[in-house]
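Colleague: quick one, structure for this:
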Amino acid sequence: MPLRPDEPVRLTRIYTRGGDHGETSLGDGSRVSKLDPLVRAYGAVDELNSLLGWAQVEARDERLARIQNELFDLGADLSVPFVEGDGKLRIEHDAIERLEQDCDAANAGLPELRSFVLPGGSEAAARLHVARGACRRAEREVLDAHADRPVNPLAPVYLNRLSDLLFILARAANVGDEPLWKPGG
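Modeller: Numbers count the residues shown, from 1 in each chain. Below is the predicted model of the structure:
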């Protein structure tokens with residue numbers, strides 16, 4: 001039975017035994033080591049997405065639901081070796097522009113920052129800070145993969161902007177009681 005347009009995958013059995021010897025398939029069907037930089041990059045994006053889901057339990061922010069879908073798109077992008085104009089699902093500039101608009105909107109009501117922010121505060125803020133740290137790691141993994149092979153040049157830009165947004169959302173979750181760094185304190 002063919003897949004419907006709203007059905008990107010159909011899995012009847014989750015385990016395949018195909019990765020039991022340290023290899024996995026990329027989105028183009030090629031087999032690579034699970035230590036391949038692309039696998040590490042989309043694995044870090046998957047971990048980030050899980051942490052965003054955990055943050056969303058507390059934050060209840062519609063932007064995070066959209067971003068979780070975009071992170072699946074990013075994972076799909078990274079799982080297929082990059083070739084310019086190949087027609088594959090890729091992160092595009094409009095996703096970055098949406099993140100910038102989200103940053104501007106969320107930051108508009110916040111007080112000027114006069115110290116570095118300590119990760120923590122409310123439950124939602126703490127979870128957003130954990131996701132932000134994972135986002136920065138995912139960005140480094142994507143940059144590392146790019147040093148080894150072609151990667152969509154917008155992938156690390158998207159993650160860089162997302163880490164900014166997660167920082168701003170964490171600040172907003174702590175507005176009025178933001179834990180600030182006190183040097184030497």
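Colleague: switch to C-alpha atoms for all contacts and neighbour counts from now on
Modeller: Will do.
Colleague: give me the mean pLDDT for the host helix or strand of Asn160.
Modeller: Element membership for Asn160 (DSSP states H and E) is helix 154-173. In this model, helix 154-173 has a mean pLDDT of 97.
Colleague: tell me which residues in that helix are buried?
Modeller: Under the neighbour-count criterion of 16 or more other C-alpha atoms under 10 Å, helix 154-173 has 154-173 buried.
Colleague: same for that helix, what does it pack against?
Modeller: With contacts taken as 3 or more C-alpha pairs under 8 Å, 6 or more residues apart in numbering; DSSP states H and E, helix 154-173 sits against helix 93-107, helix 123-148.
Colleague: quick check: angle from the last one to helix 154-173?
Modeller: It refers to helix 123-148. Here helix 123-148 runs at an angle of 170 degrees relative to helix 154-173 (axes from the mean of the first three to the mean of the last three C-alpha atoms, to 10 degrees).
Colleague: ok, the residue nearest to Val157 when sequence neighbours are not counted - contacts?
Modeller: In space, and not counting its chain neighbours, Val157 is closest to Ile96: 7.4 Å by C-alpha to C-alpha, 6 or more residues apart in numbering. Shown in contact with Ile96 (C-alpha atoms under 8 Å, 6 or more residues apart in numbering): Val157, Tyr158, Arg161.
Colleague: tell me how far the second one lies from Cys103.
Modeller: Distance, Tyr158 to Cys103, using C-alpha to C-alpha, to the nearest Å: 13 Å.
Colleague: what does the first one give?
Modeller: From Val157 across to Cys103, the span is 14 Å (C-alpha to C-alpha).
Colleague: before we move on, what about Arg114?
Modeller: 18 Å.
Colleague: tell me which of the helices and strands packed on helix 154-173 lies nearest to Ser50.
Modeller: Ser50 lies closest to helix 123-148 among the helices and strands packed on helix 154-173, at 8.6 Å (C-alpha to C-alpha).
Colleague: for that closest one, packing partners?
Modeller: Against helix 123-148 (3+ C-alpha pairs under 8 Å, 6+ apart) you get helix 37-59, helix 154-173.
Colleague: give me the number of residues near the closest residue in space to Ala173 that isn't next to it in sequence?
Modeller: Nearest non-adjacent residue to Ala173, counting by C-alpha to C-alpha, 6+ apart: Ala125, 5.3 Å away. Each residue near Ala125 was counted by other C-alpha atoms under 10 Å, and the total is 26.
Colleague: quick one, what contacts Ala125?
Modeller: Applying C-alpha under 8 Å, 6+ apart, the residues near Ala125 are Ala59, Pro119, Leu169, Ala170, Arg171, Ala172, Ala173, Asn174.
Colleague: for those residues, give me JSON lines that also has distance to Asn69.
Modeller: Output for those, formatted as JSON lines (distance: C-alpha to C-alpha, whole Å):
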{"residue": "Ala59", "distance to Asn69": "17"}
{"residue": "Pro119", "distance to Asn69": "25"}
{"residue": "Leu169", "distance to Asn69": "18"}
{"residue": "Ala170", "distance to Asn69": "20"}
{"residue": "Arg171", "distance to Asn69": "23"}
{"residue": "Ala172", "distance to Asn69": "22"}
{"residue": "Ala173", "distance to Asn69": "22"}
{"residue": "Asn174", "distance to Asn69": "26"}
